[in-house]
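>>> need coordinates for the following:
(one chain, ligands or ions: 1)
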Amino acid sequence: MEIKIFEDAAALGLAAAEIFANQIKAKPDCILGLATGASPVPTYTRLIELYKAGEISFKDVSTFNLDEYCDLPKNDKNSYYTFMHENLFDHVDIKEENVHILNGNAEDTAREAADFDKAMAEAGGVDIQLLGIGNNGHIGFNEPADAFTTGTFKVQLTESTLQANSRYFDENPMPHYALTMGVGSIMSAKKIVLIATGAAKAQVIYDTVKGSVTPQVPASILQNHADCILLFDKAAASKL
Ligand code: PGA
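Modelled structure (predicted):
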């Protein structure tokens, strides 16, 4: 794992966006794996700027998002469908048919998950995957567990994740289930970029980088990935 430490979240966002922009320049029809949450927002803001400056185009880019809540209307303000459109897709020239976000309201969630993995494989696999990390070490919504997960599946969210994300929910209660790429799906990306900021992540970053590889800290499996870059601000890296 390659580690880079930045002064703050803004500087980290610029660097992460540069990695993604370079991928798009090198392969205009690349497959991006994308993430939601607070961490990627500066990265997406910078990618929009680069698009508006004419430096990159998303017209041939395809995307696969890590996860989506179950039992939340697609257009709810807290759905990841809404998040991705508000924070990136509505501001660039990506084609809607090239956007892949799991349908958390699918009647047959197992089928939805299998179809998603199939579409990802048929597209040639993810070239570069962006990841945040939960305070409990989750990547996507792969929560601490007794075994690493494999493909995309329906997961029950843990108390830690409910606490971390419930601040966003006021009208509709926070869902307790989500569909998520499995750890195996995430690890199949050719390159992975994990970003983390803030002192609240310092312990889990230490466990991810210095601890043993364990499903109790799902992100620790990244130690086994051949091409993984970790970008931290000083606060998140403070225990390394
Ligand atoms: P955050 O979430 O970027 O909002 O901290 C990261 C995550 O839970 O994966």
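>>> now residue 88: how far from the ligand?
15 Å (C-beta to the nearest ligand atom, to the nearest Å). To be clear about C-beta, it is placed using only N, CA and C from the backbone, and glycine gets the same treatment.
>>> oh, I was asking about residue 33
Plainly put, residue 33 is 13 Å away from the ligand if you go by C-beta to the nearest ligand atom.
>>> what is that residue paired to in the beta sheet?
On the basis of DSSP bridges, residue 33 is bridged to residue 64, residue 129.
>>> correct me, but it touches residue 128?
Yes - distance between residue 33 and residue 128: 6.8 Å, which falls inside the contact criterion (C-beta atoms under 8 Å).
>>> the two: which is more packed in?
residue 33 (27 against 22; other C-beta atoms under 10 Å).
>>> and the pLDDT for that one?
Looking at residue 33, its pLDDT is 98.
>>> quick one: contacts for it?
63, 64, 65, 66, 126, 128, 129, 130, 181, 186, 189 (C-beta atoms under 8 Å, 6 or more residues apart in numbering).
>>> ok, these vs the ligand, which is closest?
For those, the residue nearest the ligand by C-beta to the nearest ligand atom is residue 66; the value is 8.1 Å.
>>> number of residues surrounding the closest one?
Residue 66: 27 neighbours (other C-beta under 10 Å).
>>> distance of it relative to residue 182?
Relative to residue 182, residue 66 is positioned 10 Å away (C-beta to C-beta, to the nearest Å).
>>> any shared contact partners between residue 33 and residue 128?
Applying C-beta under 8 Å, 6+ apart, one finds that residue 33 and residue 128 are jointly contacted by residue 189.
>>> spatially central residue for this structure, please.
Closest residue to the average C-alpha location of the chain: residue 35 at 2.5 Å, with C-alpha atoms, centre = their mean.
>>> returning to that earlier point: overlap in contacts of residue 66 and residue 182?
By C-beta under 8 Å, 6+ apart, residue 66 and residue 182 have these common neighbours: residue 140.
>>> so which residues make contact with the lowest-mean-pLDDT helix or strand in the chain?
Scoring the helices and strands of the chain by mean pLDDT, DSSP states H and E places helix 159-165 at the bottom, with a mean of 91. Identification of contacts with helix 159-165 by C-beta under 8 Å, 6+ apart yields 134, 135, 136, 138, 141, 143, 174, 176.
>>> now the second one. Its backbone dihedrals?
The reference is to residue 135. Main-chain torsions, residue 135, degrees, to the nearest 10: phi -60, psi -20.
>>> was I right about it contacting residue 204?
Yes - when contacts are counted by C-beta under 8 Å, residue 135 is listed as touching residue 204 (5.9 Å).
>>> the chain against the ligand: which residues are in contact?
37, 38, 39, 132, 133, 134 (C-beta under 6 Å from any ligand atom).
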